[in-house]
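Asks: Got a predicted structure plus its sequence, pasted below:
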Amino acid sequence: MCITVSQQSFPKEPSSFEVAPAARTPDPGVGSSPCRMRFTADELRYLDVLLAALTPREREVTVAVCEGGDHEEVAARLCIAVPTLRTHLMRIHQKLGAENKADVVRFVSARLVEAYRTSDASLNKGPIHCSDKALNPKVPA
């Protein structure tokens with residue numbers, strides 16, 4: 001909705017009681033999470049090395065969590081039951097020192113940003129162990 005003043009259009013400021021249409025209805029196909037990460041093949045290989053302390057299935061769950069969605073969506077994409085997903089997440093949280101899914105996403109994105117910032121074009125660094133301060137910030141140095 002626009003207000004026209006002397007041949008110029010200005011967007012009308014929504015009142016405090018109006019809700020923008022985009023906020024009311026999510027975009028079809030986007031799911032409940034507005035932000036989703038997508039990984040390149042090089043990034044996935046880098047994450048395999050970075051997350052070597054996790055089992056292969058836990059690494060799949062970590063990537064799926066980063067790709068977004070609630071527990072039901074992630075479990076459906078992985079073809080597992082929600083309680084099984086919760087078990088995987090519990091173990092991932094223990095190994096990474098995370099408290100929730102957001103911490104896992106922050107961990108992964110921070111490591112990828114750091115790899116790009118240090119010009120590691122191949123993203124091929126050596127394995128990092130869970131006792132390392134960089135991997136588990138809650139472990140005392």
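Replies: That came through fine. Residues are numbered from 1 along each chain as shown.

Asks: Only C-alpha atoms from now on, for both contacts and neighbour counts.
Replies: Will do.

Asks: C-alpha coordinates for whichever helix in the chain runs longest, CSV please?
Replies: In the chain, with assignment by DSSP state H, the single longest helix is helix 101-117. What follows is helix 101-117, C-alpha atoms only, in CSV (Å, rounded to 0.1, in the frame of the first residue of the first chain):
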residue,chain,number,x,y,z
LYS,A,101,21.4,-26.5,17.8
ALA,A,102,22.2,-22.8,17.4
ASP,A,103,25.6,-23.4,19.1
VAL,A,104,26.3,-26.2,16.6
VAL,A,105,25.5,-23.9,13.7
ARG,A,106,27.6,-21.1,15.2
PHE,A,107,30.5,-23.6,15.6
VAL,A,108,30.4,-24.8,12.0
SER,A,109,29.9,-21.3,10.5
ALA,A,110,32.7,-19.8,12.6
ARG,A,111,35.1,-22.5,11.5
LEU,A,112,34.2,-22.1,7.8
VAL,A,113,34.5,-18.3,8.1
GLU,A,114,37.9,-18.7,9.8
ALA,A,115,39.1,-21.1,7.0
TYR,A,116,38.1,-18.6,4.3
ARG,A,117,39.6,-15.6,6.2
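
Asks: Can you name every helix or strand that that helix contacts?
Replies: Helices and strands touching helix 101-117, by 3 or more C-alpha pairs under 8 Å, 6 or more residues apart in numbering; DSSP states H and E, are helix 56-66, helix 82-96.

Asks: Give me whichever of the ones you listed is most buried.
Replies: The highest average neighbour count among the helices and strands packed on helix 101-117, using mean count of other C-alpha atoms under 10 Å, belongs to helix 56-66 at a mean of 19.
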